[in-house]
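>>> Sequence first, then the predicted structure, then my questions.
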Amino acid sequence: QVKLVETGGGLVQAGGSLRLSCAASGRTFTSSTMGWFRQAPGKEREFVADISWNDGRINYGDPAKGRFTISKNGNQNAVYLQMNSLKPDDTAVYYCAIRDDTTGTIAYNYWGQGTQVTVSS
């Protein structure tokens, strides 16, 4: 099993910044990708960004392009999401997830409990 714990959420004014962290523990994978997703009330979960643990390859979803930056710290088994120029539309619960890339599936295997981000106008 893998445990993912997100921290760093909170209340911020529009235009402000937050840095989310995700700490991973437990089982390790030969090849994996860690990602950030978010879900706003009444909306479906959407992809924000992901990063390959092995080669550092990064993908960003539309909400993140130009404003968010994903990074990782291998020594601490952690992934971060730096969010700048936040907008009220960024208000959501942000989830960290990990995918075992050796299985060939695109589905993420483990999810954190989420951290609330609220952006006030």
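Ah, there it is.

>>> can we go C-alpha only for contacts and neighbour counts from here?
Fine.

>>> element containing the residue most central in space within the chain?
Note on the chain: the residue nearest the mean C-alpha position is residue 36, at 2.1 Å, using CA atoms, centre = their mean. In this structure, residue 36 sits in strand 32-39 according to DSSP states H and E.

>>> next SSE after that strand?
Downstream of strand 32-39, the next assigned helix or strand under DSSP H and E is strand 46-52.

>>> Show me what that following strand is packed against.
strand 32-39, strand 58-60, strand 68-73 (3 or more CA pairs under 8 Å, 6 or more residues apart in numbering; DSSP states H and E).

>>> closest to residue 120 out of the ones you listed?
The closest of the helices and strands packed on strand 46-52 to residue 120 is strand 32-39. By CA to CA, the value is 16.8 Å.

>>> Flag every buried residue along that closest one.
32, 33, 34, 35, 36, 37, 38, 39 (16 or more other CA atoms under 10 Å).

>>> For the second one, which non-adjacent residue is spatially closest?
This means residue 33. Closest residue to residue 33 apart from its sequence neighbours, by CA to CA, 6 or more residues apart in numbering: residue 52 at 4.3 Å.
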